[in-house]
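Visitor: Sharing a model prediction with you, sequence too.
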Amino acid sequence: QVRLVESGGGLVQAGDSLRLSCAASGRYVMGWFRQAPGKEREFVATINLSGTTTTYTDSVKGRFTISRDNAKNTVYLQMNSLKPDDTAVYYCAARSMFRVATSSTADDYAYWGQGTRVTVSA
């Protein structure tokens, strides 16, 4: 049973920073997705097993950084210069064991966390 537990969300002002964490029960290719009110879930970032390959959606490039600590089986999403448009529930997701490629497609991820809410006020 793969468990993913997110933490670190909250209410911040525009321009502030937050760091989200996702503790996993093993080591997997990981991704962060988000879902804003009334919108579909969208890809944010992904990282490979070793942490050497990362991909971001255009709207967060230069502001968000995905990283991982494999000793702790934890993936992070450092979010800087937050904007009101970043307001969403953020989900971490894991690909199945033996999947080594990163992906920006939600259907490629087998396991999902419960989500953590991020609210950015203007």
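Guide: Structure's in. What do you need? These numbers come from a predicted model, not from an experiment.
Visitor: distance between stretch 51-61 and the chain's centre?
Guide: 10 Å (Cα atoms, centre = their mean, to the nearest Å).
Visitor: Rounded mean pLDDT for that stretch, please.
Guide: Stretch 51-61 carries an average pLDDT of 98.
Visitor: Give me the residues contacting whichever strand or helix holds L20.
Guide: Using DSSP states H and E, L20 maps to strand 18-24. Contacts to strand 18-24, defined as Cβ atoms under 8 Å, 6 or more residues apart in numbering, come from residues 2-10, 12, 30, 32, 72-79, 82, 90, 92, 94, 113, 116, 118. To be clear about C-beta, it is placed using only N, CA and C from the backbone, and glycine gets the same treatment.
Visitor: Let's see which of those residues end up in helices.
Guide: Among the contacts of strand 18-24, no member falls in helices (DSSP state H).
Visitor: Can I have the buried ones of those as a ChimeraX selection?
Guide: Here is the ChimeraX command that picks out the buried ones among the contacts of strand 18-24, judged by 16 or more other Cβ atoms under 10 Å:
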select :4,6,8,9,12,30,32,73,74,75,76,77,79,82,90,92,94,113,116,118
